[in-house]
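Visitor: here is my input, please return the structure:
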Amino acid sequence: MCRGERPRGREDQGFTLIELVVVVIIIAVLAAIAIPLYSGYIKNVRTSEAIARLGSIMTASKSYYQRFNQWPSVPGQEGYHADFSDSQRFRYSIAGGAGGQGTLTLRADGLDVDDMLGVTVTMICENAHAGSDVSVTGI
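Guide: Okay, the predicted model is just below:
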């Protein structure tokens, strides 16, 4: 050992700048992959909330149809007990067929919360004895 040179001991051990840069790059790549996946997952969960709510409204609509032989035309119609109040993320609406006959369309339009603006869930039913078709746009 030369004069002025210290023996390499525990106090000299550590990470080099290159090692730290490599770790930061790896973390950035993982974050770039994980964040969009997580955001998509959250949107799907929020959309499932709207589908469940529309299913409940559709059940009430079918009950109304069987009782009055026509689709309800507006929320709050006498004898029609469905919850159309806005949730935190969606606004719900109804569009009945001509004269209460034909096709019933229920919609949930995303509000500007949790990146749901532009997401629309539509549930369509041809008659009270048929199943409902669901479509989702904007995801």
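Visitor: rest of the way, CA atoms for contacts and neighbours
Guide: OK.
Visitor: could you pull out the strands for this protein?
Guide: Using DSSP state E, the strands of the chain run over residues 90-95, 104-110, 120-125, 132-137.
Visitor: most packed of these?
Guide: strand 104-110 (a mean of 22; mean count of other C-alpha atoms under 10 Å).
Visitor: ok, back up a step: got a markdown table for the strands of the chain, with mean pLDDT and distance to T59 too?
Guide: Formatted as a markdown table, the strands of the chain follow (pLDDT from 0 to 100; distance: least, C-alpha to C-alpha, whole Å):
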| stretch | mean pLDDT | distance to T59 |
| --- | --- | --- |
| strand 90-95 | 89 | 13 |
| strand 104-110 | 91 | 11 |
| strand 120-125 | 91 | 11 |
| strand 132-137 | 83 | 10 |
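Visitor: relative to A32, which of the ones you listed is closest?
Guide: strand 132-137 (24.7 Å; C-alpha to C-alpha).
Visitor: so what touches the closest one?
Guide: 51, 118-126 (C-alpha atoms under 8 Å, 6 or more residues apart in numbering).
Visitor: now with 7 Å?
Guide: 119-125 (C-alpha atoms under 7 Å, 6 or more residues apart in numbering).
Visitor: which pair of those residues spans the longest distance?
Guide: Farthest pair in those, by C-alpha to C-alpha: V119 and C125, 20.2 Å.
Visitor: and the gap between A32 and Q77?
Guide: 49 Å (C-alpha to C-alpha, to the nearest Å).
Visitor: for L37, give me its contacts.
Guide: Per C-alpha under 7 Å, 6+ apart, neighbours of L37: none.
Visitor: pLDDT at it, what is it?
Guide: Note for L37: predicted pLDDT of 88.
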